[in-house]
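*Asks:* Show me how the following folds:
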Amino acid sequence: MATGGAGYIGSLATSAGAAHILCTGGAGYIGSHTCVKLVEAGFKVSIMDNLLNSNKRVMERLKELTGKDIPLFEVDMCVADDVNKLFAEQKFDGVIHFAGLKAVGESVAKPIWYYENNITGTINILKAMASSGTNCIVFSSSATVYKPCEDPLDEEKPTGCSNPYGWTKYMIEQILIDAQKADASLGVSILRYFNPVGAHSSGRIGEAPSGYPNNLMPFIQQVAVGRREALSVFGTDYSTKDGSGVRDYIHVEDLAEGHVAALKRILELKTGTIIHNLGSGNGVSVLEMVKAFEESSGKPIPIKLADRRPGDLAVVVANAGKANKELNWETKRSLKDMTDSVWKWVSSHPFGYDDPPPEESLRKESGFSQTLRRGSVEVGFSQTLRKESGFS
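*Replies:* From the prediction side, this is the model:
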């Protein structure tokens, strides 16, 4: 685990009386979009992030989008002394807890790391909250806590996981529930969300995986800009509209607004545990997503059809009726909004927040370079970056 010191960037100046919210993992994909929505909603925001899977350059973009110098505390949640020091020195009214390792495949290969990082880090945060009088937490959970089910998933569906990443989410949920039962002053909101896609409407922040992507959209966007040759679609004979797998995709800005709605609700309640699904309730197939992105980008997305993978379901969608009713929240953005925003982001940031690799060094590595057109700028990169990717 990358640690980093208890560094600090930015100013704490904000409007008087605003609730001060700490976003752990706030420099990441969902966290950064939520920080923008929090500032827009009038909250004072700080970020705690060890930058293991995020990029410090996002902080410049957050200032650009919000007009605020959002503080960044480079603290690893697994270092209890640093977490305690941060909470002792700053007064937080609430926490939105995004931080954690999140790659399913990696969790299978490195289960102890996942359990240690995600669970120990959460316990450290809860202890620091208790000692500093911070009594509100919104937890970024996942629909992966549900047992396999092809009916729309509501919050009463049976839970149970198939990989260590999912089990860490499940276990953290239980820890939070138990902690709240033992401390009536604590308010807990658990958000189980489905498949976030999209980028900020400005195109200035978006999804930028630091390693091998775990989700469909980063694979599609990397094919679109030439970083990968093709998208493998696993399963073309499901009992769906076009034979490919159907999933519930939610625009990241809708998801961010869901976090703000949940935060407001638990701040009002001041106690108890509330659990909500955040999803659109609409299923989109892999092939539909590919077609929508082709229309947004004007570029063909080569695909390779492959057999099903063991354990994959035909359909996984949310029933978000409880969040619609209790949080006064619903998704507002369409599939076209998702793919348009992703293309606006990735067409100007083909390597995320990173600079393009030097073409000459890549040519020496592989003996081959492919030209990527980024707006009016041509960027060369190596075939070694273009491994075939897939999704069902």
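*Asks:* so how far is stretch 248-258 off the chain centroid?
*Replies:* Distance of stretch 248-258 from the chain centroid (C-alpha atoms, centre = their mean, to the nearest Å) equals 10 Å.
*Asks:* Same check on stretch 292-308?
*Replies:* 23 Å.
*Asks:* Give the buried residues for it.
*Replies:* Using 16 or more other C-beta atoms under 10 Å as the test for burial, stretch 292-308 gives 292-294, 296-297, 301, 303. For glycine as for every other residue, the C-beta is placed from the backbone atoms N, C-alpha and C.
*Asks:* Out of the residues you listed, which sit inside strands?
*Replies:* I303 (DSSP state E).
*Asks:* The buried residues of stretch 292-308: which two are farthest apart?
*Replies:* S296 and I303 (16.4 Å; C-beta to C-beta).
*Asks:* P196 sits in which helix or strand?
*Replies:* Assigned by DSSP states H and E, P196 belongs to strand 195-197.
*Asks:* isn't there a helix covering I274?
*Replies:* No. I274: not assigned to a helix; according to DSSP: H, G, I helix; E, B strand; the rest coil it is strand.
*Asks:* Next one: it relative to A261, how far apart?
*Replies:* To A261, I274 is 11 Å away according to C-beta to C-beta, to the nearest Å.
*Asks:* looking at this structure, which helix or strand is least sure?
*Replies:* The least trusted helix or strand in the chain, going by mean pLDDT, DSSP states H and E, turns out to be strand 377-382, with a mean of 29.
*Asks:* List the buried residues for the helix or strand hosting Q180?
*Replies:* Assessed by DSSP H and E, Q180 sits inside helix 164-182. By neighbour count on 16+ other C-beta under 10 Å, the buried set for helix 164-182 is 164-173, 175-176, 179-180.
*Asks:* can these go into a markdown table with extra columns for pLDDT?
*Replies:* Formatted as a markdown table, those follow (pLDDT from 0 to 100):
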| residue | pLDDT |
| --- | --- |
| P164 | 96 |
| Y165 | 96 |
| G166 | 96 |
| W167 | 98 |
| T168 | 98 |
| K169 | 98 |
| Y170 | 98 |
| M171 | 98 |
| I172 | 98 |
| E173 | 98 |
| I175 | 98 |
| L176 | 98 |
| A179 | 98 |
| Q180 | 98 |
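*Asks:* and these, which two are the farthest apart?
*Replies:* Checked with C-beta to C-beta, the buried residues of helix 164-182 reach their widest spread between P164 and Q180, with 24.5 Å between them.
*Asks:* ok so, going back, Serialize the buried residues of helix 164-182 to TSV and add fields for distance to G206.
*Replies:* Converted to TSV, the buried residues of helix 164-182 look like this (distance: C-beta to C-beta, whole Å):
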residue	distance to G206
P164	28
Y165	22
G166	25
W167	29
T168	26
K169	24
Y170	29
M171	30
I172	27
E173	28
I175	32
L176	29
A179	34
Q180	34
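*Asks:* Nearest to P213 among these?
*Replies:* Y165 (14.8 Å).
*Asks:* Who are the contact partners of that closest one?
*Replies:* Residues in contact with Y165 (C-beta atoms under 8 Å, 6 or more residues apart in numbering) are 101-104, 106-107, 114, 144.
*Asks:* of those, buried ones?
*Replies:* Counted by 16+ other C-beta under 10 Å, the contacts of Y165 give 101-103, 106-107, 114, 144 as buried.
*Asks:* Just the closest of these to S132, please.
*Replies:* The nearest one, if we look at the buried ones among the contacts of Y165 relative to S132 and count by C-beta to C-beta, is L101, at 25.2 Å.
*Asks:* which stretch of helix or strand covers the closest one?
*Replies:* Using DSSP H and E, L101 is not contained in any helix or strand.
*Asks:* same deal with E106?
*Replies:* Counting by DSSP H and E, E106 is part of helix 104-109.
*Asks:* Give me the residues contacting that helix.
*Replies:* By C-beta under 8 Å, 6+ apart, the residues outside helix 104-109 that reach it are 101, 114, 144, 163-166, 168, 214.
*Asks:* so where's this protein uncertain?
*Replies:* Scanning the chain for pLDDT under 70 picks out 1-17, 359-392.
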